[in-house]
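Asks: coords below, sequence missing:
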């Protein structure tokens with residue numbers, strides 16, 4: 001997605017195994033549509049996570065390559081916050097509870113509240129957590145929360161026990177057209193880093209790998 005001339009130029013497709021084949025042609029398409037080159041851009045945003053390790057690594061690797069080549073600063077955007085912004089774009093939701101399936105019986109979790117200036121406040125610190133533990137640690141809340149993310153489907157039964165009033169949403173994945181809005185806010189506030197400093201946010205520090213038979 002490209003934000004230029006107060007307009008968002010966007011290409012989007014759910015393509016689980018074709019990221020690397022599709023992303024660079026999409027970059028070319030949005031630049032051509034806007035009549036710009038990469039060097040005309042002020043900064044390059046990337047989804048910093050949390051999310052699948054492979055997806056986050058592919059995203060930041062490609063973004064760093066483009067940023068190095070065009071000598072651009074970079075802006076990391078939370079994928080959870082991007083889903084909150086997407087929920088506002090689609091449903092005008094201003095209080096969003098985001099849960100991404102993190103596998104290993106856990107979710108990436110974050111709650112966000114929209115402010116008058118269009119920014120988002122983290123109500124809960126982003127974390128990776130088991131649904132049962134999340135239920136136990138979440139205080140009751142009278143406000144209504146719009147749900148977003150794959151975690152609500154994967155862990156439907158345990159998350160239904162949250163002491164929150166929930167309104168079901170259908171947004172499953174973060175979208176670049178929402179990330180670019182958050183990145184523009186960060187750019188105005190001077191929150192960018194060099195390509196060398198750009199880093200992912202995995203939330204989970206360790207991963208247990210099941211060893212294949214004969215490879216112990």
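Replies: Cool, got the structure. From a predicted model like this one, the values you see are computed outputs, not experimental measurements.
Asks: what's the next secondary structure element after the helix ranked longest in the chain?
Replies: In the chain, with assignment by DSSP state H, the single longest helix is helix 53-70. Secondary structure here is assigned by DSSP states H and E; on that basis, the next helix or strand after helix 53-70 toward the C-terminus is strand 74-78.
Asks: what residues does the longest helix of the chain touch?
Replies: The contact list for helix 53-70 (CB atoms under 8 Å, 6 or more residues apart in numbering) reads 19-20, 23-24, 27, 38-39, 41, 44-50, 72-74, 195, 198-200, 202, 207. Every C-beta, even on glycine, is put in place using the N, C-alpha and C of the backbone.
Asks: quick one: it to strand 74-78, angle?
Replies: 160 degrees (axes from the mean of the first three to the mean of the last three CA atoms, to 10 degrees).
Asks: distance between helix 53-70 and the chain's centre?
Replies: Once both centres are worked out by CA atoms, centre = their mean, to the nearest Å, helix 53-70 turns out to sit 14 Å from its chain's centre.
Asks: Quick one: mean pLDDT for it?
Replies: Along helix 53-70, the predicted local confidence has a mean pLDDT of 93.
Asks: Ok, stretch 203-216 next?
Replies: According to the model, stretch 203-216 has a mean pLDDT of 58.
Asks: Give me the distance between the two termini of stretch 186-199.
Replies: Its first and final residues considered, stretch 186-199 spans 16 Å by CA to CA, to the nearest Å.
Asks: Just the buried residues of that stretch, please?
Replies: In terms of neighbour count (16 or more other CB atoms under 10 Å), stretch 186-199 has its buried residues at 186, 187, 192, 195, 198.
Asks: Identify all contacting residues around that stretch.
Replies: Here stretch 186-199 makes contact (CB under 8 Å, 6+ apart) with 42-43, 45-46, 48, 60, 63-64, 67-68, 72-77.
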